[in-house]
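J.: Please find the sequence and the predicted model below.
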Amino acid sequence: MTINKMTIYSYFVNRVRSCLHLVLCFSPVGEAFRQRLRMFPSLVNCTTIDWFSEWPVEALTSVARSFCADLELDSSGANGGAGGRSRDDLLNGVLAACVHIHQSVEAKSKQYYAELRRYNYVTPTSYLELLNTFLRLLAEKRSEVSAAKKRLEGGLDKLTSTAAQVEVMQHELQELQPVLAATAKEVEDMMHVITHDKEEAAETKKIVEQQEREANEQAAAAKAIADDAQKDLDAALPALDAAVASLKNLSRNDVVEVRSLQNPPGGVKVVMEATCIMFDEKPKMKDDPNNMGKKVPDYWEASKKLLNDATKFLESLLSYDKDNIPEATIKKIEPYINREDFTPEAVSKVSKACTSICMWVRAMYLYHTVALGVAPKRAALAAAQESLNKTLAELASAQARLAAVQEKIATLEAQFEEAPAKKASLAAQVNDCQVKLQRADKLIGGLGGERTRWSATVEQLQADLDNLVGDVVLAAGAIAYSGPFVPGYRIVLLADWTAKLVEVGLPHTPHTTLT
């Protein structure tokens with residue numbers, strides 16, 4: 001077989017003819033179907049006509065169950081379901097009733113045609129309309145009846161709560177009367193206490209003010225003494241600071257260099273003699289070469305011993321107790337201070353390290369001299385500070401007493417300010433209770449007769465909720481199917497449907513009519 005465009009197209013046409021199927025659906029109702037057949041005869045000549053049979057019970061039940069899958073049937077009854085039945089029982093009853101309604105209409109339509117020669121076409125669309133109408137009406141009526149029932153129950157609850165509130169308010173009114181009288185008495189007593197405490201606070205305040213003046217005077221005197229002493233100390237501190245700074249600039253090698261001198265210059269000897277005296281190092285007595293038979297002190301051996309550990313020596317200079325130099329040491333040092341060769345300028349010509357040490361010795365001497373003059377001032381300052389501390393302690397105690405009294409007065413005044421408000425609030429509560437009692441009496445008196453009628457209506461609405469499922473099934477059937485029938489047929493159908501509800505046990509309102 002030759003493969004070309006024609007053979008391929010022929011093959012395609014044959015495959016379409018054998019495999020392509022078109023389904024056309026038409027409703028036989030009305031003139032439209034007849035008109036289409038006359039205009040397109042091929043619809044009869046070139047098609048295979050198939051008539052759909054009536055849906056069986058299983059199909060009707062399956063469709064209804066699918067529609068009602070999410071339907072809530074267990075909330076309409078007062079005890080968990082319509083008439084106390086379970087959801088499955090109610091659902092099965094609804095399905096059976098819907099199937100029976102559809103089938104009964106099919107049978108009644110045949111009788112209708114036989115007796116009156118009138119057509120009534122019952123199609124699956126009619127059944128779907130029945131189910132949709134049932135679901136819609138059930139939701140609407142359940143909401144409507146529940147809202148009416150809730151509204152009346154709210155009114156009954158309000159009447160009941162009002163009666164209970166009346167009893168409570170009467171009890172409160174009886175309790176508020178003595179409280180109001182007691183509050184008035186408390187206000188009067190509180191005023192007396194506040195007046196007495198204010199007088200006590202005024203006396204305490206005078207004492208505190210006097211002690212504050214004394215404390216301020218003593219503080220000013222102590223500050224003047226301290227400033228005077230500090231002024232004297234400030235004269236010696238620059239020299240001391242300069243000496244300390246110079247010592248910090250010394251290195252261990254500078255000290256070792258001084259110790260290594262075998263024949264030290266005179267300036268070095270003088271500085272080290274003064275240093276040995278400051279540290280109370282004893283000299284070695286040697287023969288005086290200028291005066292036979294006499295001994296002179298030689299401090300160089302003691303100096304070398306002092307300089308043996310350079311680091312320790314520098315630390316001892318920096319940590320020297322300058323506030324407790326013995327008076328005997330000062331007397332020994334005083335001749336050196338007055339010597340012309342014992343000055344930083346003179347010593348700097350022979351040794352850098354000894355220059356710093358010379359500055360340190362002179363600073364210690366100057367500091368001690370100033371400290372002697374400052375000592376009486378320090379003693380006076382200590383006495384003044386002790387007196388000031390005592391006065392401040394007494395002042396603090398008096399201030400604490402004053403603060404306690406003032407706090408008490410503030411608390412009482414706050415309570416006093418709150419008391420009239422409390423009294424007014426109690427009076428307002430009494431008046432409010434009386435007004436509410438009057439209004440409640442009017443409400444209960446005016447609506448007392450309505451309670452019985454509202455209670456009966458609530459019971460009837462609850463019964464309607466219990467029977468709502470069955471009633472809506474009947475209403476949906478009437479809306480979906482009863483239109484084409486004459487009144488006599490409608491009555492017969494309604495009676496048949498009602499009997500089916502009784503048979504399946506579906507709650508409904510007895511003796512239901514379509515009027």
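T.: Cool, got the structure. Residues are numbered from 1 along each chain as shown.
J.: can you give me the helices in the stretch 1-150 of the chain?
T.: 5-19, 32-39, 42-45, 57-67, 87-116, 124-249 (DSSP state H, counting those that start in this stretch).
J.: Output the fourth one as PDB - backbone C-alpha positions only.
T.: Listed in PDB are the C-alpha atoms of helix 57-67, where the atom choice follows Å, rounded to 0.1, in the frame of the first residue of the first chain:
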ATOM      1  CA  VAL A  57     -34.600   3.400  44.100                       C
ATOM      2  CA  GLU A  58     -30.800   2.900  44.600                       C
ATOM      3  CA  ALA A  59     -30.000   5.800  42.300                       C
ATOM      4  CA  LEU A  60     -32.500   8.100  43.900                       C
ATOM      5  CA  THR A  61     -31.200   7.200  47.400                       C
ATOM      6  CA  SER A  62     -27.500   7.600  46.400                       C
ATOM      7  CA  VAL A  63     -28.200  11.100  44.900                       C
ATOM      8  CA  ALA A  64     -30.100  12.200  48.000                       C
ATOM      9  CA  ARG A  65     -27.400  10.900  50.300                       C
ATOM     10  CA  SER A  66     -24.800  12.800  48.400                       C
ATOM     11  CA  PHE A  67     -26.800  16.000  48.700                       C
END
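J.: what's that helix packed up against?
T.: The contact analysis (3 or more CB pairs under 8 Å, 6 or more residues apart in numbering; DSSP states H and E) places helix 57-67 against helix 87-116, helix 124-249. For the C-beta atoms, the positions are set from N, CA and C on the backbone; glycine is no exception.
J.: Thought Pro283 was touching Asp298, still the case?
T.: Yes - here Asp298 lies in contact with Pro283, judged by CB atoms under 8 Å, at a distance of 5.6 Å.
J.: shared neighbours of these two, anything?
T.: Counting by CB atoms under 8 Å, 6 or more residues apart in numbering, Asp298 and Pro283 have no shared contacts at all.
J.: List the residues that contact the nearest residue to Val504 once chain neighbours are set aside.
T.: Of all residues not flanking Val504 in the chain, Gly93 sits nearest, at 4.1 Å (CB to CB, 6 or more residues apart in numbering). By CB under 8 Å, 6+ apart, Gly93 lies in contact with Val469, Gly470, Leu501, Val504, Gly505, Leu506.
J.: Got a quick PyMOL command for the buried subset of those?
T.: For the buried members of the contacts of Gly93, the matching PyMOL selection, counting by 16 or more other CB atoms under 10 Å, is:
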select buried, resi 469+470+501+504+506
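J.: Return the subset of the contacts of Gly93 lying in helices.
T.: Mapping those onto helices (DSSP state H) picks out Val469, Gly470, Leu501, Val504.
J.: and those, which two are the farthest apart?
T.: Maximum pairwise distance among the ones in helices among the contacts of Gly93 (CB to CB): 11.1 Å, between Val469 and Val504.
J.: three-state assignment of Gly285?
T.: Check again: residue 285 is Met, not Gly. At Met285 the chain is in strand, as set by DSSP: H, G, I helix; E, B strand; the rest coil.
J.: how about it, what does it touch?
T.: By CB under 8 Å, 6+ apart, Met285 lies in contact with Lys295, Val296, Pro297, Asp298.
J.: Tell me how far Ser161 lies from Pro264.
T.: Ser161 sits 115 Å away from Pro264, taking CB to CB, to the nearest Å as the criterion.
J.: Those two: who's more crowded?
T.: Taking neighbours as other CB atoms under 10 Å, Ser161 and Pro264 compare with Pro264 leading, 20 against 10.
J.: Can you say which helix or strand has the more buried one in it?
T.: For Pro264, there is no helix or strand it lies in under DSSP states H and E.
J.: got it, and the one 3 residues further on?
T.: When secondary structure is defined using DSSP H and E, the element that contains Gly267 is helix 266-278.
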